[in-house]
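Undergrad: Build me a structure from this.
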Amino acid sequence: MEPTKRKKRKAVVSETDCVACGCCVKVCRLSAIRIVKGITARINADQCVGCGLCAKECPASVITIREVCL
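TA: Numbers count the residues shown, from 1 in each chain. Okay, here's the model as predicted:
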């Protein structure tokens, strides 16, 4: 019998479409997002709790909240 997989909400960035404006970094309460090389945002999935603040703040609408299996 397989153990039940838990689902958690996590933010996901479309890195190719991100404009690296930093708005998501400013609103993330857990410091789970950083701008990499001034090109794109990257989310640390271990720190992200999927609250959605970054997705709401993103002016380019390239951050989505998804359920992932753990």
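Undergrad: Would you map the helices across the protein?
TA: For the chain, the helices defined by DSSP state H cover 23-27, 53-57.
Undergrad: what about those, which gets the closest to I33?
TA: I33 lies closest to helix 23-27 among the helices of the chain, at 5.0 Å (Cβ to Cβ). For the C-beta atoms, the positions are set from N, CA and C on the backbone; glycine is no exception.
Undergrad: which other helices and strands contact that closest one?
TA: Other helices and strands packing on helix 23-27, by 3 or more Cβ pairs under 8 Å, 6 or more residues apart in numbering; DSSP states H and E, are strand 33-36, helix 53-57.
Undergrad: Beta-bridge partners for the residue nearest the centre of the chain, please?
TA: Central residue of the chain (Cα atoms, centre = their mean): A11, 2.9 Å from the mean position. Counting by DSSP bridges, A11 forms beta bridges with I65.
Undergrad: Begin at 41, not 1, for the rest of this chat.
TA: Renumbered: residue one is now 41, and that last one reads A51.
Undergrad: need the contact list for it.
TA: A72, I73, I83, C88, G90, G92, C94, A95, I103, T104, I105, R106 (Cβ atoms under 8 Å, 6 or more residues apart in numbering).
Undergrad: Tally up the residues packed near the residue nearest to the first one when sequence neighbours are not counted, please.
TA: For A72, ignoring the flanking residues on the chain, the nearest one in space by Cβ to Cβ, 6 or more residues apart in numbering is Q87 at 3.7 Å. Other residues lying near Q87 total 12 when counted by other Cβ atoms under 10 Å.
Undergrad: ok, now which ones touch Q87?
TA: Contacts of Q87 by Cβ under 8 Å, 6+ apart are L70, S71, A72.
Undergrad: any idea which of those residues is the one closest to C58?
TA: Distance to C58, by Cβ to Cβ, is smallest for A72 among the contacts of Q87, at 15.0 Å.
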